[in-house]
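Asker: The sequence isn't on hand, but the structure is:
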């Protein structure tokens, strides 16, 4: 959503411009005051998979541990600054898209600590609909994309083919990849995960050709057949210099991070978040209920919890 870097906006209204400025200046903030074990503040990034994580964690913290849960809607870069400053206690899904902040806060300042794997592996790539790939198999190789400029052109992309993107807040390598590989595409931003899904669904209903920045896990993948376009294979270090990057995105085991003081002094609350680990299928199911079935996050979390005690009971400290 997802180096989001998915990295998916209806939540962004909760963070004002002034709030962002304040958080971004937290480098020298005092992080000595840990949150009490009976209260926790969680960041909610702007894509539904991350919302699903928080919904389930919050429901269990409140119902099983008696913890008061507060949430803050914010983009990932702001969340890193907020963890450093003690404004939030944890991020439950990080796509490793901000290595500079990770180094600054985890390695150098030690104000943020790793909270372990989420249990979900993320992957970003360029995808086309299966019906288009079936008709034109060669479109699934980046070397052939310039042959399909006319099919992929839109009013927004002009003389180039359109590469549909999600939110401008997602960190992507796409502009550099396009430039460095000489591909006749132009990134066009839908504005949010929801808007991107709407455009994809509309194109699929009309059987129109399109190519989109997309990711897994994503609940929509169970409803719409998409085929990944092969970019040059990812190799360690190939994306370190954006001026030269020409490779695909890596598979990324998604990570949790906690404010260091909270991790040390948050008791069972912090331990629960460290223990929280589920599968791609579990996350997709809760995300699908929120988005496709229009359940509230709390209702979706409750339904999943009622049906999956064998999974979440392992997260409860002492059980």
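Answerer: Noted; the coordinates are in hand. These numbers come from a predicted model, not from an experiment.
Asker: all strands of the stretch 51-200 of the chain, in order?
Answerer: 68-73, 90-94, 112-129, 161-165, 185-189 (DSSP state E, counting those that start in this stretch).
Asker: Indicate which one of the ones you listed is closest to residue 248.
Answerer: strand 112-129 (6.4 Å; C-beta to C-beta). C-beta here means a position set from N, CA and C on the backbone, and glycine is covered the same way.
Asker: From residue 41, how far off is the closest residue to residue 67 other than its chain neighbours?
Answerer: Distances taken as C-beta to C-beta, 6 or more residues apart in numbering place residue 61 nearest to residue 67, at 4.1 Å, with adjacent residues excluded. According to C-beta to C-beta, to the nearest Å, residue 61 stands 11 Å off from residue 41.
Asker: Now the common contact residues for these two.
Answerer: residue 69 (C-beta atoms under 8 Å, 6 or more residues apart in numbering).
Asker: okay, those two: which has more neighbours?
Answerer: residue 61 (24 against 19; other C-beta atoms under 10 Å).
Asker: thought that one was touching residue 269?
Answerer: Yes. Look at residue 61 against residue 269 with C-beta atoms under 8 Å: they come within range, at 6.6 Å.
Asker: need the contact list for residue 282.
Answerer: 304, 308, 311.
Asker: got the buried residues for the helix or strand hosting it?
Answerer: Here residue 282 sits within helix 280-291, counting by DSSP states H and E. For helix 280-291, the neighbour count (16 or more other C-beta atoms under 10 Å) marks 280, 282, 283, 284, 285, 286, 287, 288, 289, 290, 291 as buried.
Asker: ok, the residues you listed vs residue 231, which is closest?
Answerer: residue 280 (22.0 Å).
Asker: Name the nearest residue to the closest one, ignoring sequence neighbours.
Answerer: Going by C-beta to C-beta, 6+ apart, residue 280 has residue 217 as its nearest residue, at 4.3 Å.
Asker: tell me, how many neighbours does the one you found end up with?
Answerer: 23.
Asker: Distance of it relative to residue 47?
Answerer: From residue 217 to residue 47 the distance is 10 Å (C-beta to C-beta).
Asker: between whichever helix or strand comes after the helix holding residue 282 and helix 280-291, how many degrees?
Answerer: Moving toward the C-terminus from helix 280-291, the next helix or strand (DSSP H and E) is helix 297-307. Between the axes of helix 297-307 and helix 280-291, defined by axes from the mean of the first three to the mean of the last three C-alpha atoms, to 10 degrees, the angle is 140 degrees.
Asker: So which bits of helix 297-307 are buried?
Answerer: Under 16+ other C-beta under 10 Å, the buried positions of helix 297-307 are 297, 300, 301, 302, 304, 305.
Asker: Make CSV out of those residues and add distance to residue 257 and pLDDT.
Answerer: Converted to CSV, these look like this (distance: C-beta to C-beta, whole Å; pLDDT from 0 to 100):
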residue, distance to residue 257, pLDDT
297, 21, 96
300, 24, 98
301, 21, 98
302, 26, 98
304, 23, 98
305, 24, 98
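Asker: Nice, that's everything, thank you.
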